[in-house]
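Q: sequence first, predicted coordinates after that:
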Amino acid sequence: MKLGELATKLGAELRGDAELEITGVKGIEEAGPAEITFVANPKYAGLARKTRAAAVLVEPEFPEIEAATLRLKNPYLAFSRALGFFYQPPAYAPGIHPTAVIDPTAVIGADAHIGAYVVIGPRVKLGDHATLLPHVVLYPGVEAGRNLFAHAHAVMREDCILGDDVTLENGVIIGADGFGFAKNEDGHWEKIPQSGPVRLGNRVDVQANATIDRATVGETRIGDGTKVDNLVQVGHASHVGENTLICAQTGLAGSSIIGNNVILTGQTGVAGHCTVGDGVILTAQSAVSHDVPAGKVISGSPGFDNRVWLRAVSLFQRLPELAKRLDRVEKKLAAQEQTEGANGSEK
């Protein structure tokens, strides 16, 4: 593809040779003379001056460099779209593998690809263009909209409901029993039935080995456009809003309420029955056990305001030095008291 054609497709301002032939997309340190790359983080701006890439996707105000530039407001998004011009994932033709087991009461939409050893239980309803790769299991009563894409070993438990354009990566479990137990009169933990399904909205992506538990009563909900990363645990009866990011190894305890456009970064935690407002950001390894108002940035465990946390961390790093200074001050004061005491006794 010519660089000029690529710029037109991306809606970018081209500064450079429109006739350059582009064959692929790579990172800024790996890209060669026939490939494009991008700079979205100022940390990598210096590498753009040394890159061997044919062209670099940059923001409009980016300084001139030797390589050609494609200038637009969101280089990272443009990079993603450019990848789609040069790389296409495997396509799966419609058809049902002979080893698949499909209950006669299941309703399968048009143009479905049902892979080897897939199991589809009673009363399942799948929309058009579903792709179920090997060993996917749909329990009784599952309903999914158009364009469901379930990678190998994904499991959807009984009566769960999925919207359109949902993607489940390998090993995802939607609707496993929530962690609910009550101690009986003998002191033994007795399992609480988990009767409520999981409901995923449209355009939800759930990454590998994440689990979204069913509810004791009611339902567990994930809103439209939300993305759930690898190894995330969403506890029973939690409600997550729209366009929220839940990053790797995050855990939501039961009945957590997470707003719209929230970002829960890696290894964060939310205690049960807490509400996290719209637009909140929890920075890595932070945890909250209280409600968080909309728009806050929270750090630490227990979590508190990010700006205060930054000052506290800076102070924490200085504690050994401050302890030494305090020790010197205390010794000096003690010496002064001894001297004053000795002078008083002499009088």
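A: Thanks, I have the structure now.
Q: how much space between the residue positioned nearest the centre of the chain and residue 301?
A: Note on the chain: the residue nearest the mean C-alpha position is residue 247, at 3.1 Å, using C-alpha atoms, centre = their mean. Note on residue 247: its distance to residue 301, by C-beta to C-beta, to the nearest Å, is 16 Å. (Each C-beta comes from the backbone N, C-alpha and C, glycine too.)
Q: same question for residue 152.
A: Distance, residue 152 to residue 301, by C-beta to C-beta: 35 Å.
Q: one more: residue 325?
A: 28 Å.
Q: over to the closest residue to residue 40 other than its chain neighbours: give its phi and psi.
A: Leaving out its chain neighbours, the residue that sits closest to residue 40 by C-beta to C-beta, 6 or more residues apart in numbering is residue 76, at 4.0 Å. The phi and psi values for residue 76, taken as degrees, to the nearest 10, are phi -70, psi -40.
Q: export stretch 325-339 to CSV, keeping only CA atoms.
A: The C-alpha trace of stretch 325-339 is given here as CSV (Å, rounded to 0.1, in the frame of the first residue of the first chain):
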residue,chain,number,x,y,z
ARG,A,325,17.6,13.6,61.8
LEU,A,326,15.0,13.1,64.6
ASP,A,327,17.5,10.9,66.5
ARG,A,328,20.1,13.7,66.3
VAL,A,329,17.6,16.3,67.5
GLU,A,330,16.5,14.1,70.4
LYS,A,331,20.1,13.5,71.5
LYS,A,332,20.9,17.2,71.2
LEU,A,333,17.8,18.1,73.3
ALA,A,334,18.7,15.4,75.9
ALA,A,335,22.2,16.8,76.1
GLN,A,336,20.9,20.3,76.6
GLU,A,337,18.5,19.1,79.4
GLN,A,338,21.5,17.4,81.1
THR,A,339,23.5,20.5,80.9
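Q: show me the contact partners of it.
A: Outside of stretch 325-339, no residue comes within contact range by C-beta atoms under 8 Å, 6 or more residues apart in numbering.
Q: what does the average pLDDT come to for that stretch?
A: Mean pLDDT, computed over stretch 325-339, is 87.
Q: got it, and stretch 167-185?
A: Stretch 167-185 carries an average pLDDT of 97.
Q: got the buried residues for that stretch?
A: Buried residues in stretch 167-185, counted by 16 or more other C-beta atoms under 10 Å: 167, 168, 169, 170, 171, 172, 173, 174, 175, 177, 178, 180.
Q: by contact count, what packs against the helix or strand hosting residue 221?
A: Taking DSSP states H and E as the criterion, the element that holds residue 221 is strand 220-222. When contacts are defined as 3 or more C-beta pairs under 8 Å, 6 or more residues apart in numbering; DSSP states H and E, strand 220-222 sits against strand 198-200, strand 211-213, strand 239-240.
Q: helices of the stretch 101-250 of the chain, start to end?
A: Counting by DSSP state H, counting those that start in this stretch, the stretch 101-250 of the chain forms no helices at all.
Q: how about low-confidence regions in the stretch 201-347 of the chain?
A: Applying pLDDT under 70 to the stretch 201-347 of the chain flags residues 344-347.
Q: the same query, at a cut-off of 90, please.
A: 301-324, 331-332, 334-347 (pLDDT under 90).
Q: need the three-state assignment for residue 334.
A: For residue 334, the assignment made with DSSP: H, G, I helix; E, B strand; the rest coil gives helix.
Q: care to break the chain down by domain?
A: For the chain, automatic domain parsing gives the domain ranges 3-86, 95-307, 320-346.
Q: ends of the first one, how far apart?
A: The stretch domain 3-86 measures 13 Å between its terminal residues, going by C-alpha to C-alpha, to the nearest Å.
Q: got the contact list for the helix or strand harbouring residue 56?
A: If you go by DSSP H and E, residue 56 is part of strand 55-58. With C-beta under 8 Å, 6+ apart as the test, strand 55-58 has contacts from 3, 10, 12, 14, 16, 20, 22, 28, 36-39, 48, 65, 67-72, 75, 78-79, 82.
Q: show me the contacts for the residue nearest to the centre of the chain.
A: By C-beta under 8 Å, 6+ apart, the contact list for residue 247 reads 229, 232, 263, 264, 265, 266, 268.
Q: most neighbours of all the residues you listed, which one?
A: Using other C-beta atoms under 10 Å as the neighbour criterion, residue 264 leads those with 30 neighbours.
Q: how near is the closest residue to residue 237 other than its chain neighbours to residue 179?
A: Once flanking residues are discounted, residue 237 sits nearest to residue 215: 3.9 Å by C-beta to C-beta, 6+ apart. Going from residue 215 to residue 179 by C-beta to C-beta gives 12 Å.
Q: overlap in contacts of those two?
A: Joint contacts of residue 215 and residue 179 (C-beta under 8 Å, 6+ apart) are residue 236.
Q: the helix or strand hosting residue 36 pairs with which strands?
A: Taking DSSP H and E as the definition, residue 36 sits inside strand 35-38. With DSSP bridges as the test, strand 35-38 is paired with strand 24-25 (parallel), strand 55-58 (parallel).
Q: right, I'll call it a day here.
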